[in-house]
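Enquirer: Quick check, what structure comes out for this input:
(one chain, ligands or ions: 1)
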Amino acid sequence: MSNAPLVRLDGITKRFGDTVALSELSLDIAEGEFVTFLGPSGCGKSTTLRILGGFEQPTNGKVLLRGEDVTRRPPEKRNVNMVFQDYALFPHMTVRQNIGFGLELKGMGKTEIRARQDEIMSFLELDAFGDRYPAQLSGGQRQRVALARALAPDPALLLLDEPLGALDAKLRGQVQQELKSIQRRTHKTFFFVTHDQEEALTMSDRIVVMNKGKVEQDGTPEELYFQPATRFVAEFIGETNLLHGELRGTEGDTAVMDWFGQTLRGTAPAGLPVAGQPVTASVRLERLGFHAARPETANAVQGRVTGKTFLGSRMALDIAVEQAQGATLRAYTDAGTGQALSGDVPVWIGWDEASMAILRD
Ligand SMILES: Nc1ncnc2c1ncn2[C@@H]1O[C@H](COP(=O)(O)OP(=O)(O)OP(=O)(O)O)[C@@H](O)[C@H]1O
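Expert: As a prediction, this is how the structure comes out:
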């Protein structure tokens, strides 16, 4: 069984009465991965986490840990630990006691517990807070104690349910970096749940985008951002241009589409509709380039700047593409280029094939 993935979810369906929270979800997680489950409210993220943790039973399907079926095994017998959004620290226990709690449950001896508490407090820079109670800590420190308590028993898998939700924006960014660095240093497998796409892009090795109880797309942050397979993913992650047109055909990984009389080339996911059908393409704002003359890029159209938004280090431009019946594009450019472009003179806009993903609906 040594080749088995750390976690395998095998055809998990979960129903609550008439609600289908998860529908035949299958997923492997390798040892040491930082996997983020991303999706809108109600898509089944917490339910998946609860099933992995043993707090909930699936209606159908299996949960395997290192190849072993643990579907019916209670949480304390799984070697999996969870960090909750509200941390769930014991208010009447000190930091040291909170960290020791899981170790006592495991039946560790006093000396061993003390050594492990010291080790984990030093690792997470909590040494100075051992005798404090949760109420005497800042939000970020409490978050670290929750993490220390969950890591102390050395679980094979750590489940994190929106653990940064209670932190303000500035602290959140800092704790994101910390959490990522802790994951790297411990080589632990983190399964992180969030509905915040930016957080997912920043922290993860791999993102699983969920929609209505199903996996919408599973890939690296770069793949999901630049090669979204579906319209849902393209719109959920970052800002994008959606170009509505008609599919001309596919040649290997390339798809050719007609966009109001303009022929455009992009990357094609598996399962595209047949030629002649309406399709949507996604191209990110920062992938559009401005040129005085027609560029050599696979895609080039002429347009006029109709609006400018100053964003500090860069500028967002709205462009009307006259050759495409006035359809609009939005692009980011540096502030200097943005300022120099006038709405009176048409400008060429170019982007390459790899920058545009043709989407499945
Ligand atoms: N105990 C329950 N009883 C009935 N329905 C439930 C229960 N738990 C979850 N659901 C339903 O299952 C679906 C998935 O819920 P889940 O909590 O997994 O979503 P989520 O993606 O974690 O959402 P959020 O981001 O809001 O936490 C929802 O429609 C929810 O209403």
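Enquirer: Pull the contacting residues for T59.
Expert: By Cβ atoms under 8 Å, 6 or more residues apart in numbering, the contact list for T59 reads T13, K14, R15. Any C-beta I mention is one placed from the backbone N, CA and C, and that applies to glycine too.
Enquirer: Just put those residues in CSV and tack on distance to the ligand, secondary structure and neighbour count.
Expert: Shown next, in CSV, are the contacts of T59 (distance: Cβ to the nearest ligand atom, whole Å; DSSP: H, G, I helix; E, B strand; the rest coil; neighbours: other Cβ atoms under 10 Å):
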residue, distance to the ligand, secondary structure, neighbour count
T13, 12, strand, 15
K14, 8, strand, 22
R15, 9, strand, 14
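Enquirer: Could you pull out the strands in the stretch 101-250 of the chain for me?
Expert: Ranges of strands in the stretch 101-250 of the chain, per DSSP state E, counting those that start in this stretch, are 157-161, 189-194, 206-211, 214-219, 240-251.
Enquirer: what pLDDT, on average, does the first one get?
Expert: What it means is strand 157-161. Across strand 157-161, the average pLDDT comes to 94.
Enquirer: Not counting that strand itself, show me its contacts.
Expert: 6-7, 29, 46, 49, 52-53, 65, 79-85, 150-151, 179, 188-193.
Enquirer: Out of these, which are close to the ligand?
Expert: Filtering the contacts of strand 157-161 for proximity to the ligand by Cβ under 6 Å from any ligand atom leaves S46.
Enquirer: Show me the contacts of strand 157-161 that map onto helices.
Expert: Counting by DSSP state H, the contacts of strand 157-161 place S46, L49, L52, G53, A150, L151, L179 in helices.
Enquirer: The fourth one contacts N79, correct?
Expert: No: taking Cβ atoms under 8 Å as the definition, G53 is not a contact partner of N79, at 11.0 Å.
Enquirer: what about those two, which has more around it?
Expert: Using other Cβ atoms under 10 Å as the criterion, G53 and N79 rank with G53 on top: 19 against 15.
Enquirer: now that one: how far from the ligand?
Expert: Going from G53 to the ligand by Cβ to the nearest ligand atom, to the nearest Å gives 13 Å.
Enquirer: repeat for R72
Expert: Remark: distance between R72 and the ligand (Cβ to the nearest ligand atom) = 18 Å.
Enquirer: ok, now D161?
Expert: Taking Cβ to the nearest ligand atom, one finds D161 at 8 Å from the ligand.
Enquirer: Please apply the same query to V35.
Expert: Distance from V35 to the ligand, by Cβ to the nearest ligand atom: 15 Å.
Enquirer: so for the strand or helix carrying that residue, what's the average pLDDT?
Expert: Assigned by DSSP states H and E, V35 belongs to strand 34-38. For strand 34-38, mean pLDDT rounds to 96.
Enquirer: In its sheet, which strands sit next to it, and in what direction?
Expert: strand 189-194 (parallel), strand 206-211 (parallel) (DSSP bridges).
Enquirer: And for the last one, what's in contact with it?
Expert: Taking Cβ under 8 Å, 6+ apart as the criterion, the residues outside strand 206-211 that touch it are 27, 33-40, 43-45, 48, 200-201, 215-221, 224, 232-233, 236-237.
Enquirer: Roughly how far does the closest residue to L52 other than its chain neighbours sit from F55?
Expert: Excluding its sequence neighbours, the residue lying closest to L52 (Cβ to Cβ, 6 or more residues apart in numbering) is L159, at 5.9 Å. Distance, L159 to F55, by Cβ to Cβ, to the nearest Å: 10 Å.
Enquirer: So which of the two has more stuff around it?
Expert: Legend: neighbour count by other Cβ under 10 Å for L159 and F55, higher for L159 (24 against 14).
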